[in-house]
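Trainee: can you look at this prediction? I've put the sequence above it.
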Amino acid sequence: MENALHLGVDIGGTKVAFRVEAGARCVDESSFPWGPRHSAAQDLAQLAAHVAGLRSRLGAPLRAVGVAMPGAVGPDGRITAWPSRPEWNGLALDASLRALFPEAAVAWADDGDLGALAEAEACGCEDLLYLGVGTGIGGGLVLRGEPCPGLGRGSFEIGHVIVDMGGAHCVCGRRGCLQAIASGPATLRRAATLRGAPAAFEDLRRALDDGEPWAVTALDRTGRALAAAVCGVQELVQPKLVLIGGGFAAGIPGLVGAVSGHLAGLARPGRPALPVEPAALGGLSSLRGAVSLARLVAP
């Protein structure tokens, strides 16, 4: 239906983003940062307040809602692990979302899988690996135009691929996960250590522009870890393209080149390095994928 309202919601570790489309038009886009961490109930109350404001602005019912979710969800619809907001562990996600949107068809999927799906559609590539580098590291794999392992059949957890056996502790409880080394916060922590002083995101950006050694070294380590994970995926399933997105990556243009350079160094005879490009949708991949999911649920 051309005028039906489809809502995409991207639930992140630090903020929540919303996009409403009517046909091909975006009619509303908004976001809010999470308040201090206390409980899932308080988070849901904050989410409900924003949804109420959204409904008031739209003045018409939603047809369907697609939700991009970073946490792991079990077969019973309950969150089994979300290291960034552990207060949500055990929450009945399916029931909570349906209570928020009783008038609409509702579906959820992993944020990385939805980001990959949206990017594949945007660039017209049916075999690609997508990495979303932000507060954590998500990602998705699309093969022959379909997400792998498939929506509703588990998620593509590249952020928890181990790339350094003796590496930093990850919020999941292991050591050396890609997320613990190459996420935005991990990169900034490493930058601060190398600098010998606090390093905020804008500090890192400016220092990279100026070629400061501490900033260049911090980003290079991130690029090397991402390249190692990409190389492993390439050996197993051979995608044709790698796209780097996510909020942190969108603000650090040199990250794509760092990953590409390290991939070239990891290439072996008969298996050339994959091309690496910025995600076409920047930091909005998962959000746009959530809107696509809403359309799949109720066209």
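Mentor: Cool, got the structure. Numbers count the residues shown, from 1 in each chain.

Trainee: contacting residues around stretch 17-36?
Mentor: With CB atoms under 8 Å, 6 or more residues apart in numbering as the test, stretch 17-36 has contacts from 2-10, 13-16, 42-43, 46, 50, 54, 57-58, 62, 85, 284, 287-288, 290-291. From N, CA and C alone the C-beta is placed, and that goes for glycine too.

Trainee: among those, which are in strands?
Mentor: Among the contacts of stretch 17-36, the residues falling in strands (DSSP state E) are 5, 6, 7, 8, 9, 10, 15, 16.

Trainee: which of those residues count as buried?
Mentor: With burial judged by 16 or more other CB atoms under 10 Å, the buried subset of those is 5, 6, 7, 8, 9, 10, 16.

Trainee: near residue 100, how many other residues are there?
Mentor: Other residues within reach of residue 100 by the criterion other CB atoms under 10 Å amount to 17.

Trainee: look up how far residue 62 lies from it.
Mentor: Per CB to CB, to the nearest Å, residue 100 is found 10 Å from residue 62.

Trainee: same question for residue 82.
Mentor: From residue 82 over to residue 62 (counting by CB to CB), the distance is 25 Å.

Trainee: residue ranges with poor pLDDT in the stretch 101-250 of the chain?
Mentor: Applying pLDDT under 70 to the stretch 101-250 of the chain picks out residues 152-154.

Trainee: okay, now the domains of the chain?
Mentor: 5-113+284-297, 123-282 (automatic domain parsing).

Trainee: end to end, how far does the last one reach?
Mentor: What it means is domain 123-282. End-to-end span of domain 123-282 (CA to CA, to the nearest Å): 12 Å.

Trainee: then the shortest one?
Mentor: Taking CA to CA, domain 5-113+284-297 runs 12 Å from one end to the other.

Trainee: helices or strands up against the host helix or strand of residue 108?
Mentor: Assessed by DSSP states H and E, residue 108 sits inside strand 105-110. Secondary-structure packing of strand 105-110 (3 or more CB pairs under 8 Å, 6 or more residues apart in numbering; DSSP states H and E): strand 64-69, helix 93-100, helix 285-297.
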